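Q: please work out how this folds:
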Amino acid sequence: MPPCHLPDRFLDQPRGESPMTLTVNAPIRQSITNLVTLMLALSVAVMSLLAIPAQADEGMDIMDAAREGDNAAIERYHDQGGDLSITESHGYTPFIMAAYYGHTSTLALLKGYGVDACAVDERGSNAFMGVAFRGHVETADWLLANTDCAVNHRNDSGQTALMMASLFGRETIIRHLLDAGADPGIADQQGNTAESLAAAQGLSRIVTLVKFNL
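A: As a prediction, the model looks like this:
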């Protein structure tokens, strides 16, 4: 009887395995190989994320810290090399965010780290504009005393902080803005002035204040 020759695909089978065992185990081996490859890829991805600077993966955390006035979190972020000039989707910086929520001590901390206190958002509004219509008197006074931002700064619509304060009847802030040189005669792109905006809201006391500084 002539010698029996197995097909080539069986010649290299592992010792102790039958052709049937090989057929069953091949898909399992491939699955294990794919799983190991995936785990290695995930490990590389995780290591890459860990190597990203703080501002790339903690950008929203710093915005939350500024919103809440969490100075300790901001200090940690800074010490880890985080970018304190980062902006969110509307162009707000941590400084603008902290000002909007009236966190004066946070503004002092951020300014001490060298951030631009006069930075503007996507519409050209600076930190003082949010403070003016929100009515944070202490924060407004701090900005006037500790920054060199133009008191008559106009955003992309031509509006000023005085207009914002007048529209919402922020009497104390209006007085302090006028004392600092705010110009009530400036009109925005729609022709509105601080006086006309107050009049449209029926704020007669504010109209008199803006018109006569009384």
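
Q: all helices for this protein, in order.
A: 8-11, 19-50, 54-57, 59-68, 71-79, 94-100, 104-112, 127-134, 137-146, 161-167, 171-179, 194-200, 204-212 (DSSP state H).

Q: where in this protein is the helix or strand with the lowest mean pLDDT?
A: Of all helical and strand segments in the chain, the minimum by mean pLDDT, DSSP states H and E falls on helix 8-11, at a mean of 37.

Q: what's the closest non-adjacent residue to the residue nearest in space to the middle of the chain?
A: Geometric centre of the chain, nearest residue: residue 88, 3.1 Å, by CA atoms, centre = their mean. Nearest residue to residue 88 in three dimensions, chain neighbours excluded: residue 63, at 5.4 Å (CB to CB, 6 or more residues apart in numbering). Just so you know, the C-beta spots here come from the backbone N, C-alpha and C atoms, and that holds for glycine as well.

Q: check contacts around the one you found.
A: With contact taken as CB atoms under 8 Å, 6 or more residues apart in numbering, residue 63 is in contact with 86, 88, 92, 94, 97.

Q: top of those residues by neighbour count?
A: Greatest neighbour count in the contacts of residue 63, by other CB atoms under 10 Å, goes to residue 94: 30 neighbours.

Q: dump the residue contacts of the closest residue to that residue other than its chain neighbours.
A: Leaving aside its sequence neighbours, residue 94 sits nearest to residue 66 (CB to CB, 6+ apart; 3.8 Å). Applying CB under 8 Å, 6+ apart to residue 66 gives the contacts 74, 94, 95, 97, 98, 101, 103, 106, 110.

Q: ok, so of the residues you listed, who is nearest residue 180?
A: residue 95 (19.3 Å; CB to CB).

Q: ok, that closest one - how many residues close by?
A: Residues near residue 95, counting by other CB under 10 Å: 25.

Q: isn't it up against residue 127?
A: Yes: assessed by CB atoms under 8 Å, residue 95 is found in contact with residue 127 at 5.8 Å.

Q: and for those two, which residues touch both?
A: 107, 117, 119.

Q: who wins for neighbours among these?
A: Greatest neighbour count in the shared contacts of residue 95 and residue 127, by other CB under 10 Å, goes to residue 107: 26 neighbours.
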